[in-house]
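Novice: Here is a sequence with its predicted model. Questions after.
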Amino acid sequence: MGTRQDRPLIIGGVEYDSRLIIGSGKYKDFEENHAALEASAAEMITVAIRRVNLGQKKEEPSLLDIISPEKYTILPNTAGCYTAEEAVRTCRMAQELLDGHKLVKLEVLGDQKTLYPNVTETLAAAETLVAEDFDVMVYTSDDPLVARRLEEIGCVAVMPLGAPIGSGLGIRNPYNIRMILENAQVPVIVDAGVGTASDASIAMELGCHGVLMNTAIAEAQNPILMASAMRKAVEAGREAYLAGRMPRRLYANASSPVDGTFF
Amino acid sequence: MTLAITVNGKTRTLEAELSLQDLLQDLGMTKGRIAVELNGKIVPRSQFSSQRISNLDSIEIVQAIGGG
C-alpha cells in the first residue's frame, strides 16, 4: 500500500488482516450468514450463548458446524446480560463451549429500549473477567473517561458505540470517538450504529482500528452484497486515514496552476 | 426415590440417580458443542461422567447461536 504499509490489527496477541468484525444474528439462515462472512473477508465473528432447545432434532446443524472455529475467530458475546454476574457466567460458559477460548465480547446492557451499556456493571464485569485471564473486548458508551478506565482495567479492545445497537444511525459523535482514540493504547473498534458503507468508512477515517457490525449487513436487502461493500468501506476508510486527508478550506483552491495562462 | 431437577428452566423428574453424562445422553445432547452449568458452576466436559445429579439440582445447557 504505497509507501506506508499498514500493520495488522492485533487483538489478544493475534494478528488480523481484516479490520471488520461481523455478527451472526438476524440472518435468514446459516448459509446466508456464511456467504456474508466470506464476502466481508472478516476473520472474526460474534456469536451469542443461549440455552439449547431441548426439543431440537439431533441432526440439526448448529452455527459452529457451518462457521468453523478452526477457520474463524469466534467472538462470544454477552448480549442480553443486564448484570455483571450474568455477563461473567456467560463468558465462563463460552470459554467451556469453545475449549478454553479466552477472547470475549463483554456487553452489559442498561435497558431494552436503548440497549445502551450499563457502565457500572460493565466495569465490574471487566474487572472480574480480566482477573480470570479473559481477553475482553468491551462494548461501551462513547465516554472517553470510561473508555480509559476500561483500558486501565486491562481490556484488550475498547468498543464504543457509534449509535444505539441496530439503529443504523451512523457515527453520531465523531468527536468523542476521536477523544477515545487519542487516549487509547489498545485497539478502538466502533461497535454498533453503522447503517451503511459510508458509516464504516467514517469510523475508519477517524482512526478507529476496526468496526464491528451485525444489523447493517444482516438487514440489508442483499446481505452478501452489503458484506462486500463493508469490506471495501473499511479498507477505504483505513487507507484514507493512513494517507492523511487534505485540510478543509472554506473557499476554493484552484487545482490548475494560476501562472502561465496565455490570455 | 425420584429426583426433581431443573434443566434449562424446566422441571424434570428422574426415576433414579444418574450421571450428568447419562442425563445428556437421555436429552440427545452428546453431539455438538455445548457447555453445562450445574447450580451456577461450570462442569468441565471431562467431568460429565463422574458428575452425579442430585435432587433439586439446577442445570443449564447452552450452545452458540447467531448474535451480534
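Specialist: Now that the structure is in, tell me what you want to look at. Bear in mind that the values here come from a model prediction, so they are computed numbers and not experimental data.
Novice: Contact partners for A:Val211?
Specialist: Neighbouring residues of A:Val211 by Cβ atoms under 8 Å, 6 or more residues apart in numbering or on different chains: A:Arg19, A:Leu20, A:Ile21, A:Ile189, A:Val190, A:Asp191, A:Val194, A:Ala200, A:Ala203, A:Met204, A:Met230, A:Val234. C-betas here are computed from N, CA, C, even on glycine.
Novice: Neighbour count and distance to chain B added to these, as TSV?
Specialist: Output for those, formatted as TSV (neighbours: other Cβ atoms under 10 Å in any protein chain shown; distance: Cβ to the nearest Cβ, whole Å):
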residue	neighbour count	distance to chain B
A:Arg19	27	17
A:Leu20	27	13
A:Ile21	29	10
A:Ile189	25	13
A:Val190	29	13
A:Asp191	32	9
A:Val194	31	11
A:Ala200	32	15
A:Ala203	33	16
A:Met204	25	19
A:Met230	28	14
A:Val234	27	17
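Novice: what's next to stretch A:218-231, contact-wise?
Specialist: A:18, A:20, A:22-23, A:25-28, A:32-33, A:35-42, A:168, A:194, A:196-197, A:200, A:211, A:213, A:216-217, B:68.
Novice: What about those residues, which are in helices?
Specialist: A:Glu32, A:Asn33, A:Ala35, A:Ala36, A:Leu37, A:Glu38, A:Ala39, A:Ser40, A:Ala197, A:Ala200, A:Ala216, A:Ile217 (DSSP state H).
Novice: How much space separates the fifth one from A:Ser68?
Specialist: I take that to be A:Leu37. Between A:Leu37 and A:Ser68 the distance is 10 Å, computed by Cβ to Cβ, to the nearest Å.
Novice: Who has more neighbours out of these two?
Specialist: A:Leu37 (24 against 10; other Cβ atoms under 10 Å in any protein chain shown).
Novice: these two touch, right, the more buried one and A:Ile67?
Specialist: Yes: the pair A:Leu37 and A:Ile67 passes the contact test of Cβ atoms under 8 Å, sitting 6.5 Å apart.
Novice: Please enumerate the shared neighbours of the two.
Specialist: A:Ser24, A:Ile45.
Novice: Enumerate every residue touching A:Asp17.
Specialist: A:Pro8, A:Leu9, A:Glu43.
Novice: Would you mind identifying the helix or strand in chain A with the lowest mean pLDDT?
Specialist: Scoring the helices and strands of chain A by mean pLDDT, DSSP states H and E places helix A:63-66 at the bottom, with a mean of 92.
Novice: so how far is A:Leu64 from the residue of the stretch 1-150 of chain A found nearest chain B?
Specialist: Relative to chain B, the nearest point of the stretch 1-150 of chain A is A:Ala48 (2.6 Å; Cβ to the nearest Cβ). The gap separating A:Ala48 from A:Leu64 is 12 Å, by Cβ to Cβ.
Novice: So for those two, which residues contact both of them?
Specialist: B:Ala64.
Novice: So what does the closest residue to A:Thr78 other than its chain neighbours look like in phi/psi?
Specialist: Distances taken as Cβ to Cβ, 6 or more residues apart in numbering or on different chains put A:Ala87 closest to A:Thr78, at 4.0 Å, once the chain neighbours are dropped. Main-chain dihedrals, A:Ala87, degrees, to the nearest 10: phi -70, psi -40.
Novice: residue contacts, A:Ala126?
Specialist: A:Leu106, A:Val136, A:Val138, A:Leu150, A:Ile153, A:Gly154, A:Cys155.
Novice: With neighbour count, distance to chain B and pLDDT added, can I get those in a markdown table?
Specialist: Converted to a markdown table, those look like this (neighbours: other Cβ atoms under 10 Å in any protein chain shown; distance: Cβ to the nearest Cβ, whole Å; pLDDT from 0 to 100):
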| residue | neighbour count | distance to chain B | pLDDT |
| --- | --- | --- | --- |
| A:Leu106 | 29 | 14 | 98 |
| A:Val136 | 28 | 17 | 98 |
| A:Val138 | 31 | 15 | 98 |
| A:Leu150 | 28 | 20 | 98 |
| A:Ile153 | 19 | 23 | 98 |
| A:Gly154 | 16 | 22 | 98 |
| A:Cys155 | 25 | 19 | 98 |
